[in-house]
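**Student:** sharing a model that was predicted from the sequence below.
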Amino acid sequence: MDLLRIGNASGFYGDRFDAVREMLTGGEPGSLDVLTGDYLAELTMLILGRDLLKDPKAGYAKTFLRQMEEGLGLAHERGVRIVTNAGGLNPAGLAEALDALAARLGLPTRVAYVEGDRLPPRDGVLTANAYLGGAGIAACLTAGADVVVTGRVTDAALVTGPAQWRFGWGAQEYDKLAGAVVAGHVLECGTQATGGNYAFFTAHDRRAMRRPGFPVAELHADGSAVITKHPGTGGVVDLGTVTAQLLYETSGARYAGPDVTARLDTVRLTQDGPDRVRIDGVRGEAPPPTLKAGLTRIGGHRNEVVFVLTGLDIDAKAQLLREQVENAFEHSRSRPAEVRWELARTDRADADTEETASALLRLVVRDPAPEPVGRALSGAAIELALASYPGFHVTAPPGRGAPYGVFEAVYVPAADVPHTAVLPDGSRVGLPVPDRTRELEPVDEPPLPEPPPQGPTRRVPLGRVAGARSGDKGGDANIGVWVRTEAGWRWLVHTLTVERFKRLLPETAGLDVVRHVLPNLRAVNFVVTGILGEGVASQARFDPQAKALGEWLRARELDVPEELL
């Protein structure tokens with residue numbers, strides 16, 4: 001067959017529970033061949049690792065199993081295969097639970113799973129998992145599996161695997177595989193492709209955006225695809241929503257994975273009708289010889305308290321409190337190893353409510369041991385209740401503190417990872433390592449268009465003309481910025497340099513920032529190294545996943561040509 005209709009019903013562990021039912025019952029019969037669900041993120045692996053310590057039968061996304069109590073029957077009725085990474089750290093355990101569920105429901109559901117991603121134990125490491133490709137998924141589907149459960153695979157593998165199964169692509173059909181990777185990247189975050197978290201959301205019908213539908217990719221045998229959604233569901237699929245998702249959590253023009261390295265600078269997007277965006281022209285290259293692996297560990301203990309400062313003399317109140325807390329730490333002889341203060345001036349002059357007259361002073365402490373972030377912090381903070389600035393109160397008293405996690409990305413030889421498909425009959429199939437590989441190298445910056453002619457400008461926020469989406473990769477963050485017209489592109493690519501970027505976002509001034517240019521998308525993508533510390537689980541920053549970093553950039557003002565406004 002020349003067409004594979006593949007949908008997504010989950011972008012993270014905790015996504016909309018009834019999305020599985022919505023996707024399996026929406027559309028006409030036969031409008032969906034495969035339903036995928038992405039449940040894993042860097043933080044999720046840490047959560048599942050702690051679950052597994054408490055219960056050796058745990059380690060997978062229990063939400064998915066509950067969704068299948070209804071979903072298995074619906075999928076059987078409609079002939080839809082299900083592919084998910086909800087197996088987490090224990091795909092065999094989830095597969096066993098699904099077998100038991102199918103037997104209880106009287107369904108002939110055949111379950112298979114993929115393993116091999118878990119790396120040998122390392123000192124001090126809670127979880128260690130390599131990112132596998134789609135070949136194991138394809139082997140399971142070829143063997144007749146109705147449900148395929150994986151552990152840590154790339155998000156795009158949930159699409160490349162079914163595509164390899166349906167179309168019989170060889171391991172070196174790089175352009176086709178790259179097209180599936182791009183389609184998979186658009187699908188992986190669910191409703192972010194249908195208008196969720198979208199910079200220009202005010203241009204969309206508010207009623208349609210109350211409950212965005214989940215995306216569907218119509219994937220063709222040549223690797224091209226159309227991104228759409230079930231008729232009658234909310235949200236919008238247009239060039240902007242797809243562009244935004246393509247830029248999410250990426251870096252340079254080479255988007256590397258275990259199946260193929262996709263060239264994001266070759267992607268072409270065209271509107272193919274209402275709620276339909278065509279993706280074609282994608283080129284691919286041999287994958288790198290190594291696999292990315294994610295390591296999580298417990299980094300120490302953390303606590304925080306937020307003080308409310310109201311009315312006049314905010315800076316003086318904050319200074320007094322800092323000095324008092326630091327003095328209390330010295331007297332307790334257990335000062336935390338790391339102490340961070342952040343004053344958010346949310347207050348307004350002559351405010352008509354107490355809340356809008358108040359600023360927030362946030363104190364975050366970390367230490368390898370629990371005591372300095374527990375009793376030492378609560379004593380230092382709460383014992384000042386009657387002895388500090390006027391109007392002293394906190395949003396909530398500090399607790400005992402809690403352990404925090406750290407994520408680290410490493411790379412391991414692909415040949416050292418035993419990628420294995422466990423078929424519905426229990427037989428095990430080892431998947432070969434790619435014959436051809438290519439070391440990952442940055443792409444030279446493409447030729448830039450001529451800069452726009454000089455003309456009158458107006459000082460306005462960048463977001464008046466440019467969209468942005470940002471996200472995290474370990475301790476780094478990316479911000480993809482795009483415009484919707486050629487005139488806007490000529491201005492953006494010459495104006496938003498690394499130097500200008502750092503001036504607009506002073507938090508990045510002392511960090512390594514790299515700009516990648518993607519002319520086909522009229523986009524520039526900035527990668528900021530180290531802004532998130534040791535990753536989302538460590539909560540080193542107010543916005544620990546950099547979700548709103550792009551919106552901060554869009555709110556910053558600069559001189560924009562009037563013709564673009």
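**Tutor:** Received the coordinates, thanks. Note that the structure is a prediction, hence the values are computed from the model and not measured.
**Student:** which helix or strand in this protein has the lowest average pLDDT?
**Tutor:** None of the helices or strands of the chain scores lower by mean pLDDT, DSSP states H and E than helix 375-382, at a mean of 87.
**Student:** partners of the helix or strand following that helix, with directions?
**Tutor:** Going down the chain from helix 375-382, the next helix or strand is strand 393-394, by DSSP states H and E. Looking at strand 393-394 with DSSP bridges, its partner strands are strand 290-310 (antiparallel).
**Student:** CA atoms of the partner strand as PDB?
**Tutor:** What follows is strand 290-310, C-alpha atoms only, in PDB (Å, rounded to 0.1, in the frame of the first residue of the first chain):
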ATOM      1  CA  THR A 290      27.000   6.100  18.100                       C
ATOM      2  CA  LEU A 291      23.600   6.200  19.900                       C
ATOM      3  CA  LYS A 292      22.600   8.900  22.300                       C
ATOM      4  CA  ALA A 293      22.000   7.700  25.800                       C
ATOM      5  CA  GLY A 294      20.400   9.400  28.700                       C
ATOM      6  CA  LEU A 295      21.700   8.900  32.300                       C
ATOM      7  CA  THR A 296      19.800  10.000  35.300                       C
ATOM      8  CA  ARG A 297      21.000  10.200  38.900                       C
ATOM      9  CA  ILE A 298      20.000  11.800  42.200                       C
ATOM     10  CA  GLY A 299      22.000  15.000  42.400                       C
ATOM     11  CA  GLY A 300      21.300  16.000  46.000                       C
ATOM     12  CA  HIS A 301      18.500  17.600  48.000                       C
ATOM     13  CA  ARG A 302      16.600  20.800  47.300                       C
ATOM     14  CA  ASN A 303      14.100  23.100  48.900                       C
ATOM     15  CA  GLU A 304      12.600  26.500  48.300                       C
ATOM     16  CA  VAL A 305      10.500  29.200  49.900                       C
ATOM     17  CA  VAL A 306       8.800  32.200  48.400                       C
ATOM     18  CA  PHE A 307       8.500  35.400  50.400                       C
ATOM     19  CA  VAL A 308       5.900  38.000  49.600                       C
ATOM     20  CA  LEU A 309       7.000  41.600  49.700                       C
ATOM     21  CA  THR A 310       4.100  44.100  49.600                       C
END
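**Student:** can you give me how far the helix or strand harbouring residue 52 is from the chain middle?
**Tutor:** Using DSSP H and E, residue 52 sits in helix 42-54. Centroid separation for helix 42-54 versus its chain: 17 Å, with CA atoms, centre = their mean, to the nearest Å.
**Student:** now it: average pLDDT?
**Tutor:** Averaging pLDDT along helix 42-54 gives 92.
**Student:** what's the answer for stretch 126-143, then?
**Tutor:** Here the average pLDDT along stretch 126-143 is 98.
**Student:** determine how far the last residue of it lies from the first.
**Tutor:** 33 Å (CA to CA, to the nearest Å).
**Student:** could you give the separation of it from the chain centroid?
**Tutor:** On CA atoms, centre = their mean, the centre of stretch 126-143 falls 20 Å from that of its chain.
**Student:** before we move on, what about stretch 263-277?
**Tutor:** 21 Å.
**Student:** returning to what we had before: the inter-axis angle of the least confident helix or strand of the chain versus strand 290-310?
**Tutor:** 30 degrees (axes from the mean of the first three to the mean of the last three CA atoms, to 10 degrees).
**Student:** so what touches helix 375-382?
**Tutor:** 303, 305, 307, 325, 328-329, 332, 334-336, 363, 365, 394, 397-401 (CB atoms under 8 Å, 6 or more residues apart in numbering). Bear in mind the C-beta positions are built from the backbone N, C-alpha and C, glycine included.
**Student:** kindly report the same for stretch 346-356.
**Tutor:** Against stretch 346-356 from outside (CB under 8 Å, 6+ apart): 309-311, 314, 357-360.
**Student:** go through those and flag which are in helices.
**Tutor:** Among those, the subset assigned to helices under DSSP state H consists of residue 314.
**Student:** list the helices and strands the helix holding residue 52 packs on?
**Tutor:** strand 127-130, strand 290-310, strand 402-413 (3 or more CB pairs under 8 Å, 6 or more residues apart in numbering; DSSP states H and E).
**Student:** and those, which is most packed in?
**Tutor:** strand 127-130 (a mean of 25; mean count of other CB atoms under 10 Å).
**Student:** packing partners for it?
**Tutor:** Using 3+ CB pairs under 8 Å, 6+ apart, strand 127-130 is in contact with helix 42-54, strand 290-310.
**Student:** quick one on the thing from earlier: out of the helices and strands packed on helix 42-54, which gets nearest to residue 434?
**Tutor:** strand 290-310 (10.6 Å; CB to CB).
**Student:** and the closest one with strand 402-413, angle?
**Tutor:** Angle, strand 290-310 to strand 402-413, by the same axes, to 10 degrees: 160 degrees.
**Student:** how distant is strand 290-310 from the center of its chain?
**Tutor:** Distance, centroid of strand 290-310 to centroid of chain: 17 Å (CA atoms, centre = their mean).
**Student:** the inter-axis angle of that strand versus helix 42-54?
**Tutor:** Using the same axes, to 10 degrees: strand 290-310 against helix 42-54 is 100 degrees.
**Student:** returning to that earlier point: can you list the helices and strands packed on helix 42-54 in a markdown table and add distance to residue 89?
**Tutor:** Shown next, in a markdown table, are the helices and strands packed on helix 42-54 (distance: least, CB to CB, whole Å):
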| stretch | distance to residue 89 |
| --- | --- |
| strand 127-130 | 6 |
| strand 290-310 | 10 |
| strand 402-413 | 14 |
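**Student:** out of those strands, which is closest to residue 136?
**Tutor:** strand 127-130 (12.1 Å).
**Student:** give me the contact list for the closest one.
**Tutor:** 45-46, 48-49, 89, 116-122, 151-152, 291-296, 412, 417.
**Student:** over to stretch 313-323?
**Tutor:** 307, 309, 341, 343, 345, 347, 359, 361, 384, 388-390.
**Student:** then stretch 19-36?
**Tutor:** 4-10, 16, 37, 67-68, 70-71, 74-75, 78-84, 158-159, 162, 166, 187, 190, 213-214, 216, 230-233.
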